[in-house]
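Asks: heads up, no residue letters with this:
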């Protein structure tokens, strides 16, 4: 991925997989990272959830956090939050393998199309160290530990 503009702020919705990988890259570049969180964080209170460790790491990398009204347990609400995020961007760097959205897990194809339809510049990158897990329930992008 090309370096972000010197005064750019990187935004990402908290989570495992791509958000964590992006957060790590932004942090390594020395850029500012803002993490978006759901206004109602009760989805995370008192429970262990998939990707909890990654969620904590993304928050630790962040310079700032912003609250958005969405339910992180609802895919459509997450996509809507991502659309609001993309709408405010001047450029969208996307870690994406070019695969179409499954409508279940992978939303990157939708976000790239959404940005392009609004005239937002899109920069697509596929990190060599990232590997997609098999499709299906719980599918995710595996981020290697050594890249921390």
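Replies: That came in fine, so what should we check first? Because the structure is predicted, anything quoted here is derived from the model rather than measured. Numbering: from 1, shown residues only.
Asks: quick check: pLDDT value at residue 3.
Replies: Looking at residue 3, its pLDDT is 57.
Asks: is residue 35 in contact with residue 12, as I believe?
Replies: Yes. Counting by Cβ atoms under 8 Å, residue 35 touches residue 12, with 5.9 Å between them. Where C-beta positions appear, they are placed from N, C-alpha and C, glycine not excepted.
Asks: in the chain, where is pLDDT below threshold?
Replies: Applying pLDDT under 70 to the chain picks out residues 1-5, 40-50, 102-106, 127-148.
Asks: for residue 114, what is the enclosing helix or strand?
Replies: Assigned by DSSP states H and E, residue 114 falls within helix 108-117.
Asks: would you mark the buried spots in that helix?
Replies: 108, 109, 110, 111, 112, 114, 115 (16 or more other Cβ atoms under 10 Å).
Asks: with adjacent residues omitted, what lies nearest to the last one?
Replies: If you skip the residues right next to it in sequence, residue 115 has residue 92 as its closest partner in space, 4.3 Å away by Cβ to Cβ, 6 or more residues apart in numbering.
Asks: so what's the residue count around that neighbour?
Replies: By other Cβ atoms under 10 Å, 19 other residues sit near residue 92.
Asks: can you name every helix or strand that the helix or strand where residue 53 lies contacts?
Replies: Taking DSSP H and E as the definition, one finds residue 53 inside helix 52-61. For helix 52-61, the packing partners by 3 or more Cβ pairs under 8 Å, 6 or more residues apart in numbering; DSSP states H and E come out as helix 18-28, strand 32-38.
Asks: tell me the buried residues in the helix or strand following that helix?
Replies: Following helix 52-61 in sequence order, the next helix or strand is strand 64-68 (DSSP H and E). Residues of strand 64-68 classed as buried under the neighbour-count rule (16+ other Cβ under 10 Å) are residue 68.
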